[in-house]
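Engineer: Got a predicted structure here, sequence first:
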Amino acid sequence: SRGRIIRQLLTENLLLCFLGAAAGLVLALWTLQMLRPLVLSFMPAEFAPVTELFEALKLGVDGRVIGCTAALATIAALAAGLAPALHASRANLISTLKDEGSAFGRRLRHSRLRSFLVVSQVAICLVLLSCCGVLVRTLWRVHDQALGFAPERVLDVRFNEVSWPTPRTAAAKGEWVREFVARVRALPGVAGMALSQNGPMQDWGGMQRTIKDPAARAANASLTEVTYGRVSTGFFETFGIGLRGRDFTPQEIADPHARVAVISEFIARQFWPDAEAIGRTIAVADAMNSETYVEYLVVGVAHDVSDRWAGWRGAFLYVPLATADGGFSWMFLRLADGVVAPPPAIAGFAAEAGAKVEFTRRLAQRAQERLLPFQAMAALSGALGGLALLLAAAGLYGVMAFSVTQRTREIGIRMALGASRVAVIGQIMGQGLRLTLAGALAGLVAALALTRLIAALLFGVRPTDAATFAAVIAAVALVAVLACWLPA
């Protein structure tokens, strides 16, 4: 009966789906066991709360996952098997026997749903691979991008607590800082040392100011979102940042009212593209009142550097650190060649002023951690793209293998009448490649639209990068040719 045929076909689909679901659960279990310690080992120290949450959740394959997988397998079996089962149960036996081995083109037109699914698989595959491609190219560009400074052998030292003994005047504070700096720089193994509110790869504490050229009236005479940082003498030397002009003097560092500044090349190009910036005056918005501007004399121009997110090279403004106010949170040490650990005497020097220091990690490690967001996005999109490519290849192969099986008698008759093997293979492959072409065109249109949505995540790569799209189309075409050639 018709009902019995439908039940039989649905039972076959359920069996296949549950076998696939069981294989997926085993693969997921193995993957979690392998990736979990790997992911945790790469988590930076700033992500400690995320790491603790990840460990507390104890993600794994439990009863809920198995139940959800079983439900999804059942839905997939019904969705994939019901339509073919209903179609097969309505078939006319006499016409089916007469049409056995009918022309491949006519049989394919009768299965529009199957063709639509294959075209959709190819389109989705191309979209995911295109997103993966531009993200991977972004990762390469970021990895190759020069930082603008030398992070090797530079160590972060954080002042966790500074409780100045009272009473202590500003002059006394400044004198202690100068003495502390001199004592640290004199230690063996220290090649450079600087104090700062923050530094490269640390987002500078999110401090932003608006600056302008007080002598200009042009539209480009003002810049917003300029990164503003207070640094001590030796900052540029410690980080290996190229500097044209001069560094801040110890007198300027000790004077909280010093009005000198070092600007980045980005600002110099923006304000004075055809003139020397050193010796000019720049106006900086006051921290408390953005309508009030304070003028600074430009004494140096520093090379552009990357901030916390790699590849970002914006406007940087450096002003003297007011050491008399104790307004610093970080010390940066450049260790000498061959030195692997900071001198322990530094902690003792800081303790004399009630400060506790924490040796965090090397700046080179932070520079590598800047790649984590790009690596995660590229890995995720790559995994989804590879899975989509595998499904598209399996779907196309299945359709072509099924069609070739249906045409066995026709192919035999054609070859008996003189058709060459090449002509038969070409006819079969042509039908499959037409489906691939339709899916590729639809996927290309969707990919061009979707990659524009992730433009903010890209660096040095256009959302419509021609090389990426050409490589993706070539990969899809190669897989399609193999998927069509094997059944043929």
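Structural biologist: Now that the structure is in, tell me what you want to look at.

Engineer: helix or strand for residue 211, which one?
Structural biologist: In this assignment (DSSP states H and E), residue 211 forms part of strand 208-212.

Engineer: ok, now residue 157?
Structural biologist: strand 154-162.

Engineer: pLDDT (mean, whole number) over that strand?
Structural biologist: If you average the pLDDT over strand 154-162, you get 69.

Engineer: right, and the helix or strand after it?
Structural biologist: Next element after strand 154-162 (DSSP H and E): helix 170-185.

Engineer: just checking, next helix/strand downstream of that next one?
Structural biologist: Going down the chain from helix 170-185, the next helix or strand is strand 190-196, by DSSP H and E.

Engineer: Does that next one pack against any helices or strands, and if so which?
Structural biologist: helix 170-185, strand 222-231, helix 235-239, strand 330-335 (3 or more CB pairs under 8 Å, 6 or more residues apart in numbering; DSSP states H and E). The way it works is simple: take the backbone N, C-alpha and C, and place the C-beta from them, glycine included.

Engineer: Centroid-nearest residue for this structure?
Structural biologist: Compute the mean C-alpha point of the chain, and by CA atoms, centre = their mean the closest residue is residue 374, 1.7 Å away.

Engineer: you'd agree that residue is up against residue 140?
Structural biologist: No: using CB atoms under 8 Å, residue 374 makes no contact with residue 140, being 9.4 Å away.

Engineer: returning to what we had before: report the rounded mean pLDDT for the host helix or strand of the residue nearest to the centre of the chain.
Structural biologist: Residue 374 is located in helix 372-406, with elements delineated by DSSP H and E. Averaging pLDDT along helix 372-406 yields 79.

Engineer: now do stretch 464-480
Structural biologist: 89.

Engineer: Show residues contacting that stretch.
Structural biologist: If you take CB atoms under 8 Å, 6 or more residues apart in numbering as the criterion, stretch 464-480 is touched by 122, 125-126, 129-130, 133-134, 137, 389, 392-393, 396, 432-433, 436, 440, 444, 447-448, 451-452, 461.

Engineer: Now do the buried residues in that stretch.
Structural biologist: 465, 468-469, 471-473, 475-476, 479-480 (16 or more other CB atoms under 10 Å).

Engineer: Ok, stretch 12-31 next?
Structural biologist: 13-14, 17-18, 21, 25.

Engineer: How about stretch 231-245?
Structural biologist: Result for stretch 231-245 [16+ other CB under 10 Å]: buried residues 231-236, 238-241, 243.

Engineer: Adding pLDDT and distance to residue 76, write the residues you listed out as CSV.
Structural biologist: Shown next, in CSV, are the buried residues of stretch 231-245 (pLDDT from 0 to 100; distance: CB to CB, whole Å):
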residue, pLDDT, distance to residue 76
231, 86, 60
232, 86, 64
233, 87, 67
234, 88, 65
235, 88, 60
236, 89, 61
238, 86, 60
239, 84, 56
240, 85, 57
241, 87, 57
243, 91, 63
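
Engineer: Tell me the one of those nearest residue 74?
Structural biologist: Nearest to residue 74, judged by CB to CB, of the buried residues of stretch 231-245 is residue 239 at 59.9 Å.

Engineer: ok, the closest residue to that closest one other than its chain neighbours - contacts?
Structural biologist: Counting by CB to CB, 6 or more residues apart in numbering, residue 239 lies nearest to residue 149, which is 4.3 Å off, once chain neighbours are set aside. Residues near residue 149 by CB under 8 Å, 6+ apart: 200, 239-241, 303, 305.

Engineer: Helices of the stretch 251-400 of the chain, residue ranges please.
Structural biologist: Per DSSP state H, counting those that start in this stretch, the stretch 251-400 of the chain carries helices over the ranges 265-271, 345-351, 363-369, 372-406.

Engineer: which residue packs closest to the residue nearest to the centre of the chain, ignoring adjacent ones?
Structural biologist: Using CB to CB, 6+ apart, the nearest residue to residue 374 is residue 139, at 4.5 Å.

Engineer: for this structure, what's the longest helix?
Structural biologist: Secondary structure assigned by DSSP state H gives helix 2-41 as the longest helix of the chain.

Engineer: so it versus helix 372-406, what angle?
Structural biologist: 150 degrees (axes from the mean of the first three to the mean of the last three CA atoms, to 10 degrees).

Engineer: quick one: the residue nearest to residue 239 from residue 405, how far?
Structural biologist: 65 Å (CB to CB, to the nearest Å).

Engineer: hang on, the residue nearest to residue 374 is in a strand, isn't it?
Structural biologist: No: secondary structure of residue 139 (DSSP: H, G, I helix; E, B strand; the rest coil): helix, not part of a strand.

Engineer: contacting residues for it?
Structural biologist: Contacts of residue 139 (CB under 8 Å, 6+ apart): 371, 374-375, 378.

Engineer: Out of these, flag the one nearest to residue 80.
Structural biologist: Proximity of the contacts of residue 139 to residue 80 (CB to CB) peaks at residue 378, which lies at 31.7 Å.

Engineer: mind listing what's buried in stretch 419-439?
Structural biologist: For stretch 419-439, by 16+ other CB under 10 Å, it's 424, 427-429, 431-433, 435-436, 438-439.

Engineer: quick one: which of these is nearest to residue 315?
Structural biologist: Distance to residue 315, by CB to CB, is smallest for residue 439 among the buried residues of stretch 419-439, at 45.9 Å.

Engineer: quick one: the closest one and residue 270, what's the gap?
Structural biologist: 47 Å.

Engineer: Also residue 264?
Structural biologist: Applying CB to CB, one obtains 10 Å for the distance of residue 264 from residue 270.

Engineer: Looking at those two, which is more packed in?
Structural biologist: The neighbour comparison of residue 264 against residue 270 (other CB atoms under 10 Å) goes to residue 264, with 23 against 19.

Engineer: quick one: contacts for the more buried one?
Structural biologist: Contacts of residue 264 (CB under 8 Å, 6+ apart): 301-305, 314-317.

Engineer: if I look at the closest residue to residue 230 other than its chain neighbours, how far off is residue 301?
Structural biologist: In space, and not counting its chain neighbours, residue 230 is closest to residue 321: 4.3 Å by CB to CB, 6+ apart. From residue 321 across to residue 301, the span is 19 Å (CB to CB).

Engineer: cool, residue 437 as well?
Structural biologist: Residue 437 is 55 Å from residue 301, by CB to CB.
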